[in-house]
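In: Mind folding the following:
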Amino acid sequence: MQVGYFAIGIGIGADPEVVSITAQTAEQSGFHSLWAPEHVVLLDQYSSKYPYSPDGRMPMPTTQIDILDPFTALTYAAAQTKTIRLGTGICLVPERNPVVTAKEVASLDKLSGGRFDFGVGIGWLAEEFTAVGVPWERRAQRTREYLQVMKMLWTEEESEFSGEFCSFPKVRSYPKPVQSPHPPIIFGGESKPALRRVGEIGDGWVGVNVTPESTKEHIAKMQGYAEAAGRDPGQFHYSVSPGIGQPIEMDDVKRFRDLGVQQVIVGGFSESAEAAKRDVEALAEQIVVPAANL
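Out: The predicted structure is shown next:
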């Protein structure tokens, strides 16, 4: 059973020393992957509902908290490590220019030696979309089109595209990703549309605040959507997380494994560089070591 660590690039974890310590300690402790979140801006007042807390509010302050660009954070971590996989958790695809994002993904995959997992989502914070000048409406359709564009740029020698949200003449985009045909596209989200996206165009899924019971239902839905789309659901990679800073019991890890989940993602926010190392090592002892024997 694989175990991932979330997160780098946020709070004290945005300090370069802490990024280095966390990445190196996670790799040395046997973690399979390391994840960085994305928010371009935060707001003190917002009406959007954060999907992973009962009150719909983000479980962290909005003032004086650093959040690095995830591609920058993961590239820095890639330079400090050799084997651990590196994932965006998650990249807000519809807020970004897809041609530029395709370049960032390919660059990170090249510099990391093919260790990048492209965690993606459509976003939940409408006010953030307003701040970056992107319409909130039809963001799911925009995400699908943007991913289509990226796949073309990653796999074709010369690409051109004309769509609802993006158009460009014949262009060449290099480097190509190291991974073939491209880094895995891992969708976040637990709604029916999110699960449909996994089945129809994704390579995997990461569920947050899920139980073994709900995960079983979600996997069945994703497999059904994949089969309806003529895709092989046996190729999907499933990950689950108890949520930011939340513990997970080994009994649940075993139950997730029995459902076909390949990875659990644990972690939280440390208070200092010294604490970051201790926190990673403690989680390795609690989760990584016993999970390796499952």
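In: drop to CA atoms for contacts and neighbour counts, all remaining ones
Out: Fine.
In: List the residues that contact Ile90.
Out: With contact set as Cα atoms under 8 Å, 6 or more residues apart in numbering, Ile90 has these partners: Ala36, Pro37, Glu38, Phe118, Gly119, Val120, Gly121, Gly188.
In: residue boundaries of the strands in the stretch 51-200 of the chain?
Out: Assigned by DSSP state E, counting those that start in this stretch, the strands in the stretch 51-200 of the chain fall at 85-88, 91-92, 116-121, 159-162, 167-171, 185-188.
In: Tabulate those strands (a markdown table), appending mean neighbour count, distance to Phe236 and mean pLDDT.
Out: Listed next are the strands of the stretch 51-200 of the chain as a markdown table, based on neighbours: other Cα atoms under 10 Å; distance: least, Cα to Cα, whole Å; pLDDT from 0 to 100:
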| stretch | mean neighbour count | distance to Phe236 | mean pLDDT |
| --- | --- | --- | --- |
| strand 85-88 | 27 | 16 | 98 |
| strand 91-92 | 23 | 19 | 98 |
| strand 116-121 | 26 | 13 | 98 |
| strand 159-162 | 14 | 27 | 98 |
| strand 167-171 | 11 | 30 | 98 |
| strand 185-188 | 25 | 9 | 98 |
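In: Make TSV from those and add distance to Thr62 to it.
Out: Shown next, in TSV, are the strands of the stretch 51-200 of the chain (distance: least, Cα to Cα, whole Å):
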stretch	distance to Thr62
strand 85-88	20
strand 91-92	18
strand 116-121	21
strand 159-162	38
strand 167-171	35
strand 185-188	22
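In: Nearest to Gly224, out of those strands?
Out: With respect to Gly224, and counting by Cα to Cα, the nearest of the strands of the stretch 51-200 of the chain is strand 185-188 at 16.2 Å.
In: can you list contacts of that closest one?
Out: Contact with strand 185-188 is made by 90, 117-121, 194, 197-198, 202-208, as judged by Cα under 8 Å, 6+ apart.
In: now it: how far from the chain's centre is it?
Out: The chain centre lies 6 Å from the centre of strand 185-188; the measure is Cα atoms, centre = their mean, to the nearest Å.
In: May I have the strands that pair with it, each with its orientation?
Out: Here strand 185-188 is paired, per DSSP bridges, with strand 116-121 (parallel), strand 204-208 (parallel).
In: tell me the mean pLDDT over the last one?
Out: The predicted model gives strand 204-208 an average pLDDT of 98.
In: what do you get for stretch 25-35?
Out: 98.
In: which parts of that stretch are buried?
Out: Thr25, Ala26, Glu27, Ser29, Gly30, Phe31, His32, Ser33, Leu34, Trp35 (16 or more other Cα atoms under 10 Å).
In: thinking again about what came up before, please tabulate the contacts of Ile90 in JSON lines and include distance to Pro135 as additional columns.
Out: JSON lines is the format used below for the contacts of Ile90 (distance: Cα to Cα, whole Å):
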{"residue": "Ala36", "distance to Pro135": "25"}
{"residue": "Pro37", "distance to Pro135": "21"}
{"residue": "Glu38", "distance to Pro135": "18"}
{"residue": "Phe118", "distance to Pro135": "23"}
{"residue": "Gly119", "distance to Pro135": "21"}
{"residue": "Val120", "distance to Pro135": "18"}
{"residue": "Gly121", "distance to Pro135": "15"}
{"residue": "Gly188", "distance to Pro135": "20"}
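In: Just give me the neighbour total for Ala79.
Out: Counted with other Cα atoms under 10 Å, residues neighbouring Ala79 total 12.
In: Select, out of the strands paired with strand 185-188, the one closest to Pro175.
Out: So among the strands paired with strand 185-188, strand 116-121 is nearest, using Cα to Cα, at 14.3 Å.
In: Run through who's touching the closest one.
Out: 85-93, 105, 108-109, 143, 183-189.
In: same thing with stretch 51-59?
Out: Under the contact criterion Cα under 8 Å, 6+ apart, stretch 51-59 has outside partners Ser48, Lys49, Tyr50, Trp124, Val208, Asn209, Gly243.
In: how about 7 Å then?
Out: Contact partners of stretch 51-59, identified using Cα atoms under 7 Å, 6 or more residues apart in numbering, comprise Lys49, Tyr50, Asn209.
In: just the buried members of these?
Out: Listed as buried from the contacts of stretch 51-59 are Tyr50, Asn209; burial here means 16+ other Cα under 10 Å.
In: I'd like the contacts of stretch 51-59 written out as a markdown table, with distance to Glu164 and secondary structure added.
Out: Output for these, formatted as a markdown table (distance: Cα to Cα, whole Å; DSSP: H, G, I helix; E, B strand; the rest coil):
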| residue | distance to Glu164 | secondary structure |
| --- | --- | --- |
| Lys49 | 28 | coil |
| Tyr50 | 28 | coil |
| Asn209 | 34 | coil |
